[in-house]
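In: Curious how this folds, go ahead:
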Amino acid sequence: MSLIIKPAKALVTAVALVFVWYGAMAGLFRLSEQAPGALVLFPGRHLSPQELPPGISVLKWNDIFAILASDDAGYVGALYAAGFPLVFPARSSGCLSYRGR
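Out: Have a look, this model is predicted:
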């Protein structure tokens, strides 16, 4: 029995750590806004590109994610207020990177 519980416990711990990590990234980004863009998952479930707050530009938009940017201070808060549940930093390198074209 303990042979089954140990892998299951390790999996649950790993999944919890991933959720905590991405939650912390979203929380810190909300406070600092220190990234060249914002990444939102499944954007079509929440808004269309035409419904974005003023001053926010679409760099990339598809069914899976959208990369948004703005020069305005507080744009991450505006994205949350518009209805996006999680807003992540979009960087030009790293695991949440975008490739500007």
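
In: Tell me which helix or strand comes right after the longest helix belonging to the chain.
Out: As assigned by DSSP state H, the longest helix anywhere in the chain is helix 2-32. Note on helix 2-32: by DSSP states H and E, the next helix or strand toward the C-terminus is strand 37-41.

In: pLDDT at L68, what is it?
Out: For L68, the model assigns a pLDDT of 94.

In: looking at this, it is in a strand?
Out: Yes. Assessed by DSSP: H, G, I helix; E, B strand; the rest coil, L68 belongs to a strand.

In: Pull up the gap between the residue nearest to the spatial centre of the chain and I67, please.
Out: In the chain, the centroid-proximal residue (Cα atoms, centre = their mean) is F88; its distance is 2.6 Å. From F88 over to I67 the distance is 10 Å, taken as Cβ to Cβ, to the nearest Å. In short, each C-beta sits where N, CA and C put it, glycine included.

In: Find the residues that touch each one of those two.
Out: Counting by Cβ atoms under 8 Å, 6 or more residues apart in numbering, the shared contacts of F88 and I67 are A38, L39.

In: low-scoring pLDDT stretches of this structure, where are they?
Out: The chain contains residues with pLDDT under 70 at 1-4, 92-101.

In: one more time with 90
Out: Along the chain, the model assigns pLDDT under 90 to residues 1-10, 23, 25-36, 73, 90-101.

In: burial count for the nearest residue to S70 once chain neighbours are set aside?
Out: Nearest residue to S70 in three dimensions, chain neighbours excluded: I56, at 4.6 Å (Cβ to Cβ, 6 or more residues apart in numbering). Applying other Cβ atoms under 10 Å, we find 18 other residues in the vicinity of I56.
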